[in-house]
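Show me the folded form of this:
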Amino acid sequence: MIIKKLFPAYLDSFEGMFELPNIGAGQVALAFYSGLWAYNGWNYLNFITEELINPTRNLPLAIFISMITVTVIYLLANLAFYAGTSPDELLESKAIAVTFANKYYGPMGIIMPILVAGSCFGTVNGIMLTSSRLFFVAGRNEHMPRVLSYLNVQWKTPVPAVLFTCLLSLFYLLLSDNIYTLINYVQIVNWLAIAIATCGLLYLRYTKPPKDYPRPLQVGLAWPIIFLLGCVFLIVFPIIQAPMDTAIGIGIMLTGLPVYLIFVQYRRKVPFIDNIMDEATVFAQKLLLVVPTEKKD
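Model (predicted):
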């Protein structure tokens, strides 16, 4: 009723919005990539579980509240854009939020790019906080160079891991100026990793049942199975629909294999590489003021 009252002229934008003739499963999967990328962040909180206070209570609560809040805000924003602009404006606009704001808020529409920039800054901040913890733990477990697990003596943050995340992000930006191509590069690797992690969860549920190994957080077995099937869908069909994009994404992921073998697995067997890594570690410690973390039994 509110939408009809405020934007009565463009309700025809909703007509036939779900009519998609001759659409294949691969196109649906790629469409999911864009949608899931927009809502990305739902899984990031799990990466910093060890830094949460009372994660048994706060982790599911934070995920539940944030997911509902973000979903409602996104849906309301999209409904407003569809109802407040004509189909032609939607197709021609390069930034629909800016078009909408300029149309209905006049001179005040200039605040929309600022709000979008603020939203992007918040997203980058959250991703840097959480994704860097992956490299931090990988370095701590010696799956990557140990310097990534070093903490700054003043801020107690994994500065090398944060900088590595920044550099890796910049590398992806150099690959293409098409946002949808970049999404395809990243999402195939993302969902492949999530699928492997889900398989690991099911394996541990079988080999180490909850009755013998109680979990602080646990869901019904049906949910990970259903989720794994969804992951398979998001992996298989994009490979068929966009083989080049997915091949490049997987190829980028596989470049980590020789890096791991050379600089982690066999570095002690090659004195030259070992010396380079030691010197690089010392240089990073001096430059970033970082030190190794204490090992806990």
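
Okay, buried residues for the strand or helix carrying Ile194 please.
Secondary structure from DSSP states H and E places Ile194 in helix 179-207. Residues of helix 179-207 classed as buried by neighbour count (16 or more other C-beta atoms under 10 Å): 181-192, 194-195, 198. Placement of C-beta: from N, CA and C, glycine included.

next one: stretch 266-275
Arg267.

Put the alpha carbons of it into CSV.
Backbone C-alpha positions of stretch 266-275 (Å, rounded to 0.1, in the frame of the first residue of the first chain) are rendered in CSV as follows:
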residue,chain,number,x,y,z
TYR,A,266,59.9,-28.0,0.8
ARG,A,267,61.5,-24.7,1.8
ARG,A,268,63.7,-26.4,4.4
LYS,A,269,65.0,-28.8,1.8
VAL,A,270,66.2,-26.0,-0.5
PRO,A,271,68.6,-23.7,1.4
PHE,A,272,68.3,-20.9,-1.1
ILE,A,273,64.6,-20.6,-0.7
ASP,A,274,64.9,-21.1,3.0
ASN,A,275,67.3,-18.2,3.3
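
what is the rounded mean pLDDT of it?
Averaged across stretch 266-275, the pLDDT comes to 84.

what sits up against that stretch?
Ile262, Phe263, Met277 (C-beta atoms under 8 Å, 6 or more residues apart in numbering).

Turn those residues into JSON lines, including secondary structure.
Formatted as JSON lines, the contacts of stretch 266-275 follow (DSSP: H, G, I helix; E, B strand; the rest coil):
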{"residue": "Ile262", "secondary structure": "helix"}
{"residue": "Phe263", "secondary structure": "helix"}
{"residue": "Met277", "secondary structure": "helix"}
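
Out of those residues, grab the one that's most surrounded.
Most neighbours among those, by other C-beta atoms under 10 Å: Met277, with 19 neighbours.

Please tell me I have it right and it contacts Pro145.
Yes. Counting by C-beta atoms under 8 Å, Met277 touches Pro145, with 6.5 Å between them.

shared neighbours of these two, anything?
Common neighbours of Met277 and Pro145 (C-beta under 8 Å, 6+ apart) are Phe263.

Specify the next element, helix or strand, located C-terminal of the helix holding Ile194.
Immediately after helix 179-207, counting by DSSP H and E, sits helix 222-241.

distance between the helix holding Ile194 and the chain's centre?
Relative to the centre of its chain, helix 179-207 is centred 11 Å away, using C-alpha atoms, centre = their mean, to the nearest Å.

Could you tell me the angle between that helix and helix 222-241?
140 degrees (axes from the mean of the first three to the mean of the last three C-alpha atoms, to 10 degrees).

so what does helix 179-207 touch, helix or strand wise?
helix 25-38, helix 159-175, helix 222-241, helix 243-254 (3 or more C-beta pairs under 8 Å, 6 or more residues apart in numbering; DSSP states H and E).

right, and those helices - which one's nearest Ile111?
helix 25-38 (21.4 Å; C-beta to C-beta).

Could you list the buried residues of the next helix-or-strand element following the closest one?
For helix 25-38, the succeeding helix or strand toward the C-terminus, using DSSP H and E, is helix 55-84. Residues of helix 55-84 classed as buried by neighbour count (16+ other C-beta under 10 Å): Pro55, Leu59, Ile63, Ala80, Phe81, Tyr82, Ala83, Gly84.
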